[in-house]
Every structure is written in structure tokens, then in C-alpha cells.
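Asks: fold the following for me, if possible:
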Amino acid sequence: MAISQSTFEARSSFGFEEQLATSSHLEDYLGRSPSGAPTGTTMLCGAQEASIAPDSTLWPLGEHTPGKHLVLRNYLNAWLPILGMTQSAEVKFVFVELEPDRAQYLERLVEAEKADLPGNCDALVVQGRFDATMTTLLDDIESKMKALAPCFLMVDPFGISGTPMTIIQRVLRHPKSEVYISFMYEAINRFNTTSEFAPHLDALFGCTDWRRGVEIVDAQQEKDFFYTLYRNQLKQAGARYVLHFELYQGGRLVYAIFFGTKHLLGCDRMKQAIWKVAPFGDYVFRGTRTAQLGLDLDAVDPAALANELAAAFKSAEWIRVEEANEFAQSDLTDYHSGHLKKALVHLETSKRIEIKAGSRKKVRTFPDGTRFRFK
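Replies: From the prediction side, this is the model:
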């Protein structure tokens with residue numbers, strides 16, 4: 001099951017602005033057993049920021065916005081069936097919206113969608129600030145020494161305030177949690193020398209180290225510094241694997257997405273979701289490890305992943321194909337496990353690897369147990 005397209009479009013039509021929050025206790029809604037063990041899965045979506053939010057309740061959908069939603073749809077289409085393998089699993093969607101008029105409109109849309117949801121799914125709209133709402137929720141859970149249900153948290157702000165690293169850290173502290181964060185680099189780059197934005201950047205990064213990036217003259221190096229810092233902060237917060245990818249219109253960066261997870265399979269599935277979103281119009285996604293790589297299913301170069309495998313395993317003696325698969329699944333490459341076979345075939349046909357005798361039956365196949373090494 002995945003959220004319908006109409007709900008995705010509605011989600012992209014709501015902004016969030018700074019004001020005092022009204023927050024809501026969600027602990028009962030999120031479904032914990034008396035013992036504290038999660039009985040359901042929580043989907044938490046929401047964030048807010050003030051700087052460029054439109055004043056109206058609705059506004060036209062930006063032509064670049066569907067890109068991040070298509071990635072999200074592809075990922076959830078892979079994620080939810082895994083959860084559904086447990087018959088008792090519940091899936092609960094929580095949308096956090098600050099402005100009352102937008103929250104009311106979103107609630108009407110969500111109510112209209114509920115009739116099409118399976119019986120084990122529910123949805124709730126909370127009117128309030130993202131940071132205050134999450135603080136209330138996490139305080140309540142932790143005060144009772146309970147665990148957050150498996151959680152996918154989408155944080156989609158307009159700019160740089162209201163999404164502190166302390167909240168992300170508290171979410172990632174729980175073992176089955178993932179975060180999908182819009183990282184508004186253009187806003188960071190525009191305001192990082194403005195004194196009133198310094199406290200917001202301190203909160204966003206969870207440290208003051210970002211100030212060193214302000215001194216960097218080269219634009220690419222400055223961006224790399226901020227990306228690396230945010231990635232490292234997510235790792236310190238508890239994410240074992242961190243991906244980031246960018247959406248470009250021509251040569252202009254529109255936004256970046258960071259994804260953090262504790263699980264290798266989640267990392268691999270997110271990369272697959274990104275690759276499935278073909279370039280649309282003037283827009284194209286670029287990956288984490290290769291800045292010039294456009295993520296396009298029709299332009300996968302097996303030689304590129306082959307070269308990355310060679311760099312990673314060149315000094316190894318005999319490499320198990322399972323090790324190569326773990327590398328392809330991880331955040332050490334932009335490619336995913338679905339690209340691995342063609343890369344290995346490329347290495348074999350170009351005589352760059354030797355296959356250990358007896359570890360497989362047929363040439364140019366790589367079943368589990370196959371061993372190889374670079375020549």
C-alpha cells in the first residue's frame with residue numbers, strides 16, 4: 001500500500017511558518033502495548049519554516065516538487081510490503097501542519113482518502129509546529145520508557161529553521177527509525193553570514209562547526225563542506241547509512257535530500273527508488289559519490305560500478321560475491337544491488353577478475369558462494 005497521488009500532491013501544497021505551537025499528545029494514537037513494545041508502524045510527515053512560505057492556503061504545485069514525492073512513493077512501495085509480512089502490523093500516517101487553515105484543508109483531504117485505506121492503516125493531521133509536536137511525542141514515550149514504533153520521518157521544510165538535529169537524533173535513537181530530510185542548501189548558502197540565522201543553523205546542524213564553511217571561497221568546496229558536515233551529524237545521531245542526492249534544473253541546484261537509516265536493506269531500497277525516477281523535463285537527480293552522475297535507468301554504466309568495486313576490493317585475496325553485494329547496497333556507492341551483476345559480468349569479460357575454481361557452475365553467473373579476486 002502507498003499513499004495515493006492525490007495525497008502526495010496535497011502534501012506538497014502546504015507550507016509551515018514560525019509561530020507559537022499548539023502541540024498534541026500522540027502516544028495513544030501511535031499504538032503501544034502496555035509492555036511498551038510497538039504494535040504498529042508510524043509514518044510521521046511534516047516540518048515548518050518561515051522565510052519563503054506562501055501566504056495563501058494553497059498555491060500551484062511547483063514543477064520540481066513531484067521528484068521528491070516520486071522517490072518517496074517508490075521507496076514506500078518497497079517498504080510497506082515488507083512490513084505487511086507481519087499480519088498484526090499497523091501503519092499510521094501523521095501529518096504535522098502549523099497553519100490552521102492548511103491543517104483543516106489537509107484534514108479534509110486525508111479523511112477522503114481513509115475510505116480507500118486497508119483496515120490496518122490510519123491517518124491523522126496534527127495542527128502544530130513540527131519541533132514542538134515531536135518533542136511532546138518523544139518526551140511522552142521516553143518518560144514511560146517505551147519505544148517509538150518503526151518510524152519513517154519525512155521532514156520537508158521551506159528553509160532552515162524548526163528542524164533541529166536534536167529532534168532527528170532523538171528519532172534515530174530508536175532502533176527501527178529512518179529519516180528523509182529536504183536539505184535547503186540554497187537557503188543555507190544565502191543566509192549563513194546573516195547573524196540572526198546563526199542560531200537556526202546551530203540547531204539545524206546540532207553544532208557550530210558550520211561556521212568554518214563560511215570562510216571557504218570555492219562554491220563547490222563550500223557545498224561539499226556543508227553536505228559532509230550534515231552527513232556526519234546524521235551518522236553521529238544514529239544513522240548507520242546516510243545517502244544524499246540532489247535535484248538539478250539544468251545547472252541550478254533546486255534542493256538536496258538526505259536519507260538516514262540503520263539498515264542496509266533500507267539504504268539499498270532508497271537508492272533503487274531514486275534511480276527509478278527518470279529525468280523529467282529539465283530536472284535530473286545527481287548522486288552522492290559522483291557529482292556528475294545523472295541517475296537515469298537508461299544510462300547505467302556497468303564500468304563505473306566495476307571501477308568502484310576494484311577500488312574497494314583491489315587488495316583483497318578472494319572476495320565473496322555477498323561482500324560485493326553488501327558494498328552495492330551500502331552508502332559507499334550511488335549504485336545499488338540491482339546493478340551488481342552487470343558490473344561483475346563486465347569485470348569478467350574484460351578479464352579484470354579471476355573466479356575461484358569450484359565456486360560456481362556457469363560462466364558470467366554470480367550466485368551466492370561465488371568467489372573472485374582482481375588480477
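
Asks: remind me which residues of the stretch 151-300 of the chain are low pLDDT?
Replies: 278-281, 290-299 (pLDDT under 70).

Asks: number of nearby residues for the closest residue to Thr57 other than its chain neighbours?
Replies: Of all residues not flanking Thr57 in the chain, Asp101 sits nearest, at 4.7 Å (C-beta to C-beta, 6 or more residues apart in numbering). Heads up, the C-betas are built off the backbone N, CA and C, glycines and all. By other C-beta atoms under 10 Å, 13 other residues sit near Asp101.

Asks: which parts of the strand or helix carrying Asp101 are buried?
Replies: Asp101 belongs to helix 100-114 when assigned by DSSP states H and E. Neighbour counts over helix 100-114 (16 or more other C-beta atoms under 10 Å) mark Arg102, Ala103, Tyr105, Leu106, Glu107, Leu109, Val110, Glu113 as buried.

Asks: how about the nearest residue to the fourth one, chain neighbours excluded?
Replies: Computed as C-beta to C-beta, 6+ apart, the closest residue to Leu106 that is not its neighbour in sequence is Val125, at 5.2 Å.

Asks: try the third one
Replies: Among residues not flanking Tyr105 along the chain, Thr57 sits closest, at 5.9 Å (C-beta to C-beta, 6+ apart).

Asks: can you pull out the strands in the protein?
Replies: 41-46, 91-97, 121-127, 151-155, 177-183, 241-249, 252-261, 283-286, 319-320, 353-355, 371-374 (DSSP state E).

Asks: please list the outside residues in contact with the shortest one.
Replies: Identification of contacts with strand 319-320 by C-beta atoms under 8 Å, 6 or more residues apart in numbering yields Phe313, Gly369, Thr370, Arg371, Phe372, Arg373.

Asks: from Ile353, how far off is the closest residue to the first one other than its chain neighbours?
Replies: It refers to Phe313. Leaving aside its sequence neighbours, Phe313 sits nearest to Ile319 (C-beta to C-beta, 6+ apart; 5.0 Å). Remark: distance between Ile319 and Ile353 (C-beta to C-beta, to the nearest Å) = 9 Å.

Asks: what touches both of the two?
Replies: Phe372, Arg373.

Asks: and stretch 220-238, C-alpha only, in PDB?
Replies: Coordinates of the C-alpha atoms in stretch 220-238 are reproduced here as PDB (Å, rounded to 0.1, in the frame of the first residue of the first chain):
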ATOM      1  CA  GLN A 220      31.800  23.500  -4.800                       C
ATOM      2  CA  GLN A 221      34.100  23.100  -1.800                       C
ATOM      3  CA  GLU A 222      31.800  25.100   0.400                       C
ATOM      4  CA  LYS A 223      28.800  23.000  -0.600                       C
ATOM      5  CA  ASP A 224      30.800  19.800  -0.100                       C
ATOM      6  CA  PHE A 225      31.800  21.000   3.400                       C
ATOM      7  CA  PHE A 226      28.100  21.600   4.500                       C
ATOM      8  CA  TYR A 227      27.000  18.300   3.000                       C
ATOM      9  CA  THR A 228      29.700  16.400   4.700                       C
ATOM     10  CA  LEU A 229      29.100  18.100   8.000                       C
ATOM     11  CA  TYR A 230      25.300  17.300   7.800                       C
ATOM     12  CA  ARG A 231      26.000  13.700   6.800                       C
ATOM     13  CA  ASN A 232      28.500  13.300   9.700                       C
ATOM     14  CA  GLN A 233      26.000  14.700  12.100                       C
ATOM     15  CA  LEU A 234      23.300  12.300  11.000                       C
ATOM     16  CA  LYS A 235      25.800   9.400  11.400                       C
ATOM     17  CA  GLN A 236      26.600  10.700  14.900                       C
ATOM     18  CA  ALA A 237      22.900  11.000  15.600                       C
ATOM     19  CA  GLY A 238      22.500   7.200  15.000                       C
END
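
Asks: which positions in that stretch come out as buried?
Replies: Glu222, Lys223, Phe225, Phe226, Tyr227, Leu229, Tyr230, Arg231, Gln233, Leu234, Ala237, Gly238.

Asks: repeat for stretch 196-209
Replies: Neighbour counts using 16+ other C-beta under 10 Å place Phe197, Ala198, His200, Leu201, Asp202, Ala203, Leu204, Phe205, Gly206 of stretch 196-209 among the buried residues.
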